[in-house]
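**Q** Okay, sequence plus prediction incoming.
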Amino acid sequence: MKKIILVVVLAFISLTSYSQKFEFDYLSSSLDESILKDYQYIKSHFLGDKVARKVKLVDLAYKWEDPPTATRSTPLIKIEKQPIYFALKKVISPRFYKGKIKTKSISKEEAVNQILEILDIALMIRYQETDEFESILRGLDNGDQVVDIFKNQIELIYF
């Protein structure tokens, strides 16, 4: 009986933590694409140029290169806020939206709007306190869960 109660309590705690809302500040300055003018090549994305530009902004915000040292001859790629970055990679992957568009569960325009919204949120929360949010993202298995979290459980505060 104690085991059943323990399982029910743990399930309730996990469900309430999964359904919580995360509040972040809306920061329009983080959406500035002027730094992209220094880059000659931006890898294309099948959803279009706008998505490719946002993906590049996310890469610039979350990844940086540690230059070679005397003991290491190659640069080292560092990723900050790894749970957020790797959750985004599940959604950015062309395979995620191609299947949905092919089965007509979402139109291409809806996919573009959805991914742009998610990438905008990711850019805005880059320099905010995200420890609890990251702990939720660590347990996600697929892109649908990532989309659900970004679309339904994040509230941006406009001030």
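**A** Thanks, I have it.
**Q** Going by C-alpha atoms from here, please, whenever you check contacts or count neighbours.
**A** OK.
**Q** what about the residue positioned nearest the centre of the chain, helix or strand, and which?
**A** Residue closest to the average C-alpha location in the chain (CA atoms, centre = their mean): L88, at 3.3 Å. Assigned by DSSP states H and E, L88 falls within helix 82-92.
**Q** average model confidence for that helix?
**A** Taken as a whole, helix 82-92 carries a mean pLDDT of 95.
**Q** counting contacts, what elements does the very next helix or strand once past that helix pack onto?
**A** Tracing the chain past helix 82-92, the next element assigned as helix or strand by DSSP H and E is helix 94-102. The helices and strands touching helix 94-102, judged by 3 or more CA pairs under 8 Å, 6 or more residues apart in numbering; DSSP states H and E, are helix 108-124.
**Q** tell me the angle the helix holding L88 makes with helix 94-102.
**A** Here the directions of helix 82-92 and helix 94-102 differ by 40 degrees (axes from the mean of the first three to the mean of the last three CA atoms, to 10 degrees).
**Q** got a list of contacts for helix 82-92?
**A** 55, 62, 79, 96-97, 115, 119, 122, 134-135, 137-138, 140, 142-144, 146-147 (CA atoms under 8 Å, 6 or more residues apart in numbering).
**Q** switch the cut-off to 10 Å
**A** 45, 47, 51-52, 55, 58-59, 61-63, 79, 96-97, 114-116, 118-119, 122, 125-126, 130-131, 133-147, 150 (CA atoms under 10 Å, 6 or more residues apart in numbering).
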